[in-house]
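K.L.:
could you look at this predicted model? Sequence included:
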Amino acid sequence: MLNGTGVKIFTGTSHPELAEIIARRLGLSLAKAEVTKSGIGETQVCIAESVRENDVYIINTGCGAVNTALMELCIMIHACKIASAKRITAVVPLFPYARQDKKDKSRAPITAKLVANMLQKSGCDHVITMDLHASQIQGFFDVPVDKWLYAEPSSIQYIRTHFDVKNVVIVSPDAGGAKRATSIADRLAVDFALFHKERKKANAVSRMVLVGHVKDKVAILVDDMADTCGTLCLAAQHLAEAGASKIYAIVTHGILSGNALKNVEESALEKLIVTNTLPQSANQAKCSKIEVINIGPVLGEVIRRSHYGESVSKLFHEVPY
């Protein structure tokens with residue numbers, strides 16, 4: 001809980017539900033701001049209360065109309081900056097353009113660096129994000145970035161609550177996620193497996209090879225984001241063929257674009273468990289296999305600790321109560 005003195009929490013239009021959860025966790029009401037769009041599509045922001053010498057937190061995640069969400073965030077930061085806010089923190093659970101983090105072909109842009117520049121030039125003093133897709137993005141900033149916030153503690157708590165851990169095997173859908181999966185497997189003291197996958201083009205997997213034993217086990221796939229869910233569904237199919245008794249997936253960012261919901265519904269997955277870094281109510285209404293872990297308390301506790309100058313490292317391993 002915060003005493004409310006000198007703290008303001010604003011939200012854009014991308015995920016006001018999460019902002020409400022965070023504000024309630026802190027015992028505050030959301031600060032008043034009007035975010036509208038003009039007839040020609042320009043974003044207009046009006047900060048409706050004083051922020052002078054306040055510690056300001058602006059919550060907007062990279063989802064839906066992601067360019068609109070990004071411009072809203074930059075404009076709100078700039079509005080608070082020129083209104084003499086003491087410190088401005090951007091709370092961006094899903095960092096926009098995080099997958100465009102390197103120059104992987106000729107003339108390709110490094111858009112994640114551009115986004116970092118935009119936030120800093122707007123007047124941002126601090127960034128809070130979760131399960132950043134590529135660690136090097138934190139090096140794109142010259143301001144502090146709390147990117148070591150993982151959904152891992154919440155995921156581990158969910159697994160311990162819902163499964164017989166002795167019968168669980170943690171599976172990474174690709175080699176890139178092996179570190180994340182082994183960390184969870186080590187903390188649960190369970191077996192680990194992974195898939196080696198080959199791609200012909202982006203978001204299209206041509207072949208997957210399972211490394212590890214899953215027969216008669218509850219296989220839990222873990223990843224940082226699920227977009228089209230092609231990889232997860234194909235991995236689930238291979239796990240079923242390899243003899244896994246049940247197959248689940250736990251993902252931090254449930255983007256779920258295109259035919260993702262249909263793919264999940266028709267897949268061998270029992271459930272796809274995602275966090276609410278993105279809005280999921282509509283997805284749950286369309287797909288019975290979607291379940292949501294609430295990470296609002298984690299982000300709320302990070303904001304509280306940030307305001308009082310306390311360490312957030314404890315939250316890398318524990319879920320706040």
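P.N.:
Cool, got the structure. Remember, it's a predicted structure, so these values are computed and weren't measured experimentally. Residues are numbered from 1 along each chain as shown.
K.L.:
can you pull the contacts of Arg24?
P.N.:
Applying Cβ atoms under 8 Å, 6 or more residues apart in numbering to Arg24 gives no contacts. C-beta here means a position set from N, CA and C on the backbone, and glycine is covered the same way.
K.L.:
quick one: Cys46 and Glu34 touch, right?
P.N.:
Yes: contact criterion Cβ atoms under 8 Å: Cys46 and Glu34 qualify, at 4.3 Å.
K.L.:
can you give me the strands in the chain?
P.N.:
Under the criterion DSSP state E, the chain carries strands at the ranges 7-11, 33-37, 43-47, 55-59, 87-92, 126-130, 145-149, 168-172, 191-201, 204-211, 218-226, 246-254, 271-275, 290-293.
K.L.:
and those as a markdown table, adding mean pLDDT and distance to Ala282?
P.N.:
Below are the strands of the chain laid out as a markdown table (pLDDT from 0 to 100; distance: least, Cβ to Cβ, whole Å):
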| stretch | mean pLDDT | distance to Ala282 |
| --- | --- | --- |
| strand 7-11 | 97 | 18 |
| strand 33-37 | 95 | 20 |
| strand 43-47 | 96 | 23 |
| strand 55-59 | 97 | 19 |
| strand 87-92 | 96 | 21 |
| strand 126-130 | 92 | 21 |
| strand 145-149 | 64 | 25 |
| strand 168-172 | 97 | 28 |
| strand 191-201 | 80 | 29 |
| strand 204-211 | 76 | 26 |
| strand 218-226 | 95 | 15 |
| strand 246-254 | 96 | 11 |
| strand 271-275 | 97 | 13 |
| strand 290-293 | 96 | 10 |
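K.L.:
how far away is Met208 from Ala108?
P.N.:
Computed as Cβ to Cβ, to the nearest Å, the Met208 to Ala108 distance reads 26 Å.
K.L.:
and the two? which has more neighbours close in?
P.N.:
Met208 (16 against 10; other Cβ atoms under 10 Å).
K.L.:
isn't the more buried one up against Ala236?
P.N.:
No: Met208 lies out of contact with Ala236 (Cβ under 8 Å); the separation is 10.6 Å.
K.L.:
related to what we said a few turns ago, how about a markdown table for the strands of the chain, with distance to Glu17 added?
P.N.:
Listed next are those as a markdown table, based on distance: least, Cβ to Cβ, whole Å:
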| stretch | distance to Glu17 |
| --- | --- |
| strand 7-11 | 9 |
| strand 33-37 | 15 |
| strand 43-47 | 20 |
| strand 55-59 | 10 |
| strand 87-92 | 14 |
| strand 126-130 | 16 |
| strand 145-149 | 19 |
| strand 168-172 | 30 |
| strand 191-201 | 34 |
| strand 204-211 | 33 |
| strand 218-226 | 19 |
| strand 246-254 | 14 |
| strand 271-275 | 13 |
| strand 290-293 | 11 |
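K.L.:
for the ones you listed, which one sits closest to Lys314?
P.N.:
Among the strands of the chain, the nearest to Lys314 by Cβ to Cβ is strand 145-149 (11.5 Å).
K.L.:
next up, the contacts around Ala98.
P.N.:
Ala98 sits next to 62, 112, 132-134, 137 when contact means Cβ under 8 Å, 6+ apart.
K.L.:
oh, I was asking about Asp174
P.N.:
Per Cβ under 8 Å, 6+ apart, neighbours of Asp174: 194-197, 223, 231.
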